[in-house]
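>>> Predicted model, plus sequence, below.
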Amino acid sequence: MIQISKLSKRFGPKELLQEATLEIKPKECIGLIGPNGSGKTTLLRVMCGEEDYDSGMINIPAAMKIGYLKQDVTLDANKSLLEEAMHGYPEIAKLESDIIHLEERISEHSEDKNLLNQYGKLREKFEQCEGYSLESRAKAILTGVGFDPKDFKRPMKNFSGGWMMRIALARLLLQQPDLLLMDEPTNHLDLMSVIWLENFIKNYNGTTILISHDHYFLNRTVTQIVEIDGKKLISYSGNYDFYLKEKELRRAQQEAQFKNQQKKIEKTEQFIERFRYKASKAKQVQSRVKMLEKIDKIELESSNKSMRFTLPQPLPSGKIIAELSGVKKQYGELTVYDALDFTITREDKIGLVGHNGAGKSTLLKILAEKTEIQAGNVKFGHNVVPYYYAQHQLDILNPQNSILEELSTAAEFLSEQQVRTLAGMFLFSNEDVFKKVSILSGGEKARVALAKMLANPANFLILDEPTNHLDIDSRRILQDALVAYQGTIIFITHDREFLNGIAKSIVEVEKGHLKIFAGDYEYYCWKKDEQNKAHAVLESIAKNTRSSQSNKKDDRKKRAQFLNEKQKRIGPLQKSLQELENEIGLGENAKDELTAAVCDPRIIADSSLLTEKSIQLKKITQKLEDDYLRWEDLSSKIEETLLQLDEEFGSSS
């Protein structure tokens, strides 16, 4: 049990928490929410000991191991991916590094016995430290958050900031803390990795407190919502949807209590005013005055209602917005697209999905003409004005401008009041609008950049993760604005509610090809599920057909004399082949089960069980490789025998 009691914390002149109290039960998964600047990150930093508090108490059991995933991470650029993931275990990580370097030396000097002896000793020590178990867990987690096994030995300096966040997340999950604190863990993950993280958290055996502005993610992971509201920690025992309903109910009850109390106060004040100067009523008047002084007045919570702002609509364009024909895009030797054709038409609202590295961001850069192509053409239609939003947009803000000045540069046709309202939509109100861009955080700069985009929107928006750093209210405002927007949009997001709310069609990017689904994200999920079911049915039919054809072939053999000879020669081989195929089938099923097992967080958390499963997986994989070679050998022998029989019996076969 973790207890927070009467906790108070100031950050400079601003009071974030005032005698806040909360109890956290073991294995609870808590979603910590509240407006930007309300103190969510500060609370996590206080809980893990990185920041002091002013008064109160935080009681966390001494034996509890705490892991904290920050928004901004710094990692060692010279380490390999696997080394960095195992950073929490320095001795094992050092052994792993030494083994990797020794393997490189042995590849150059394969007959050096001293190197081989060193290698054997290092491997033995690595095994004694349970390095293989840790390594298996590290690789399973790295794969889960989107890394390819071929990346494991790549140096950290080759990965972007988004990938750095994934590595930090993998390193933290590998350490299996009892208390897992996560500050916006989905910000730098693609959609597939967010889904993986959801499943990991749902099966996690410890206590989790996470800050997230992803409505869908919160619904699928948390068992409790804790909101920082009015400098207090307010608990709701359910997911985010439950929180919305319960908060509305509590607000209605509070408003009713407030109205009743106000009526009572008003009547009391009227009595005091009426009989203030009558001596016969002096005692009653004094009694009511004291009663008013002692009354615990109900204060209504702030409504946090979103501002409404009518966005200027973009200039109309031609029917064709953009047309890619025969586009080839390479990064060095890696070909992302080869002869890609793709057409976008007016008022399309396209959401891109696909695994990390599939080419989604590259497609947006091609459309925005922010990257060179090796072949093909990119053409824009009549009167098309594209606008590309990505992380670099934050860098082109003028650091010397105030927020109000920066927004005004993009909103020439809006009055100052309209610009202030636009700023308010993105949580910049009152004196905040006079803050210089240079002192803003990354999240605040992102909100300014999005507000600028909406102030005078182009007719073709190309958006790469526009919801990063936005809280739930800001995401909803942006979503509403883009739904009402009459131009064309193509975008990437890991926020499924945002994706489903805006996209009219989904384009799946896979292995350099685009597959279009004419519907929202829910339709895409349903269609993929139906396709998977249909594929499974077709596979079953094909398997039965092959079996049937084989049986008919056996029947024909029995009807002809020359087939007796064929049966005599081929029968034993076919029997061995059939037995081997059955064995391979069982082996493949076992491999699939073991592969799933080593990626299961519950098994990852049990080092002895994971080691056992990893060893079994290695054995079954090796056996399958041997069986595949035997299968090829038997198949070749059968084919050679058939050719011999055909030559001997001619047309009779």
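Structure's in. What do you need?
>>> What mean pLDDT does the helix or strand that contains Ala481 get?
Assessed by DSSP states H and E, Ala481 sits inside helix 472-484. Along helix 472-484, the predicted local confidence has a mean pLDDT of 85.
>>> Next secondary structure after that helix?
Beyond helix 472-484 in the direction of the C-terminus, DSSP H and E gives the next helix or strand as strand 488-492.
>>> tell me how far the helix or strand that contains Gln330 is from the chain's mean position?
When elements are assigned from DSSP H and E, Gln330 belongs to strand 320-331. Here strand 320-331 is found 28 Å from its chain centre; the criterion is Cα atoms, centre = their mean, to the nearest Å.
>>> Equivalent analysis for stretch 156-170, please.
Between the mean C-alpha location of stretch 156-170 and the chain-wide mean there is a distance of 14 Å, by Cα atoms, centre = their mean.
>>> tell me which residues in that stretch are buried?
The neighbour-count criterion (16 or more other Cβ atoms under 10 Å) identifies Met156, Phe159, Gly162, Trp163, Met164, Met165, Arg166, Ile167, Ala168, Leu169, Ala170 as the buried residues of stretch 156-170. C-beta here means a position set from N, CA and C on the backbone, and glycine is covered the same way.
>>> Pick out the most distant pair among those.
Greatest spatial distance in the buried residues of stretch 156-170: Met156 and Leu169, 14.2 Å, computed using Cβ to Cβ.
>>> Go ahead and confirm Gly359 touches Asp338.
No: shown here, Gly359 and Asp338 do not form a contact pair, counting by Cβ atoms under 8 Å, at 10.9 Å.
>>> Which one of the two is surrounded by more residues?
Neighbour comparison, Gly359 and Asp338: the larger count goes to Gly359, with 23 against 15 (by other Cβ atoms under 10 Å).
>>> Next up, the contacts around the more buried one.
The neighbours of Gly359, taking Cβ atoms under 8 Å, 6 or more residues apart in numbering as the test, are Lys329, Val336, Tyr337, Val509, Gly512.
>>> Please identify which pair of the residues you listed lies farthest apart.
Considering Cβ to Cβ, no two members of these lie farther apart than Lys329 and Val509, which are separated by 12.1 Å.
>>> Just the ones of the contacts of Gly359 in strands?
With strands identified by DSSP state E, the entries of those that belong to them are Lys329, Val336, Tyr337, Val509.
>>> Turn these into CSV, including pLDDT.
Written out in CSV, the entries for the ones in strands among the contacts of Gly359 read as follows (pLDDT from 0 to 100):
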residue, pLDDT
Lys329, 94
Val336, 93
Tyr337, 95
Val509, 93
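>>> for the residues you listed, which one is nearest Asp229?
Among those, and counting by Cβ to Cβ, the member closest to Asp229 is Val509, at 40.5 Å.
>>> what about the closest one, how many residues close to it?
Number of residues near Val509 (other Cβ under 10 Å) recorded here: 22.
>>> Can you check which residues contact both of Gly359 and Asp338?
Listed as contacting both Gly359 and Asp338 by Cβ under 8 Å, 6+ apart are Gly512.
>>> okay, now the nearest residue to Gln224 once chain neighbours are set aside: neighbour count?
Leaving aside its sequence neighbours, Gln224 sits nearest to Ile30 (Cβ to Cβ, 6 or more residues apart in numbering; 4.9 Å). The burial count assigned to Ile30 is 22, neighbours taken as other Cβ under 10 Å.
>>> Just to check, Ile30 is in contact with Glu227?
No: counting by Cβ under 8 Å, Ile30 stays clear of Glu227, with 10.6 Å between them.
>>> Which residues outside the strand holding Gln330 are in contact with it?
Looking at strand 320-331 with Cβ under 8 Å, 6+ apart, the contacting residues turn out to be 335-346, 348, 359, 362, 366-367, 371, 373-382, 384, 386, 460, 488.
>>> Can you tell me which of those residues are classed as buried?
Buried subset of those (neighbour count, 16+ other Cβ under 10 Å): 336-337, 340, 342, 344, 346, 348, 359, 362, 366-367, 373, 376, 380-381, 384, 386, 460, 488.
>>> List the ones among the residues you listed that fall in strands.
Per DSSP E, strands hold the following members of the buried ones among the contacts of strand 320-331: Val336, Tyr337, Leu340, Phe342, Ile344, Gly376, Phe380, Pro386, Phe460, Thr488.
>>> list the contacts for the last one?
Contact analysis of Thr488 by Cβ under 8 Å, 6+ apart lists Ser317, Ile321, Ile344, Thr345, Arg346, Glu347, Asp348, Lys349, Asn459, Phe460, Leu461.
>>> Report the separation between the fifth one and Ile516.
To tie it back to what came earlier, the one meant is Arg346. Taking Cβ to Cβ, to the nearest Å as the criterion, Arg346 is separated from Ile516 by 16 Å.
>>> Find the centremost residue of the chain, please.
Geometric centre of the chain, nearest residue: Val194, 2.5 Å, by Cα atoms, centre = their mean.
>>> Who are the contact partners of it?
Contacts of Val194 were listed using Cβ under 8 Å, 6+ apart, and they are Thr186, Asp214, Phe217, His494.
>>> Using pLDDT, spot the least trustworthy of the residues you listed.
Of all of the contacts of Val194, Thr186 carries the lowest confidence score, 84.
>>> How many residues are close by it?
Using other Cβ under 10 Å as the criterion, the residues surrounding Thr186 number 25.
>>> Am I right that it is in a helix?
No: with DSSP: H, G, I helix; E, B strand; the rest coil as the criterion, Thr186 is assigned coil and is not in a helix.
>>> Apart from its chain neighbours, what residue comes closest to it?
Nearest non-adjacent residue to Thr186, counting by Cβ to Cβ, 6+ apart: Val194, 5.0 Å away.
>>> Any chance you could list what contacts the helix holding Ala481?
By Cβ under 8 Å, 6+ apart, the surrounding residues in contact with helix 472-484 are 33, 35-36, 213, 215, 304, 306-307, 309, 311, 349, 425-427, 447, 450, 454, 461, 466-467, 470, 489, 495, 497-498, 501-502.
>>> Mind checking which of the residues you listed are buried?
Neighbour counting over those (16+ other Cβ under 10 Å) leaves 33, 35-36, 213, 215, 309, 311, 349, 425-427, 447, 450, 454, 461, 466-467, 470, 489, 495, 497-498, 501-502 as the buried ones.
>>> So which of the residues you listed are in helices?
His215, Met425, Arg447, Leu450, Leu454, Glu497, Phe498, Gly501, Ile502 (DSSP state H).
>>> pretty sure the fifth one is in contact with Leu422, am I right?
Yes: under the contact definition of Cβ under 8 Å, Leu454 touches Leu422, with a separation of 7.0 Å.
>>> Show me which pair in the ones in helices among the buried ones among the contacts of helix 472-484 is furthest apart.
Taking Cβ to Cβ, the two most distant members of those are His215 and Leu454; they sit 20.5 Å apart.
>>> ok, back up a step: can you list the ones in helices among the buried ones among the contacts of helix 472-484 in TSV and add pLDDT and distance to Gln644?
Conversion of those to TSV gives the following (pLDDT from 0 to 100; distance: Cβ to Cβ, whole Å):
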residue	pLDDT	distance to Gln644
His215	89	69
Met425	76	81
Arg447	84	77
Leu450	86	74
Leu454	82	77
Glu497	89	66
Phe498	92	66
Gly501	92	67
Ile502	94	66
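>>> Which one of those residues is nearest to Lys150?
Using Cβ to Cβ, the shortest approach to Lys150 within these belongs to Phe498, at 32.1 Å.
>>> ok, now which ones touch that closest one?
Thr467, Arg475, Leu478, Gln479.
>>> can you tell me the helix or strand for the closest residue to Lys278 other than its chain neighbours?
Take Lys278 and drop its neighbours on the chain: the residue closest to it by Cβ to Cβ, 6+ apart is Val285, 7.9 Å away. Taking DSSP H and E as the definition, Val285 sits inside helix 282-294.
>>> Could you report the distance from the closest residue in space to Leu324 that isn't next to it in sequence to Asp464?
The spatial neighbour of Leu324 that comes closest, neighbours along the chain excluded (Cβ to Cβ, 6+ apart), is Phe342 at 4.4 Å. Using Cβ to Cβ, one obtains 17 Å as the distance from Phe342 to Asp464.
>>> Next: Met86.
Distance, Met86 to Asp464, using Cβ to Cβ: 31 Å.
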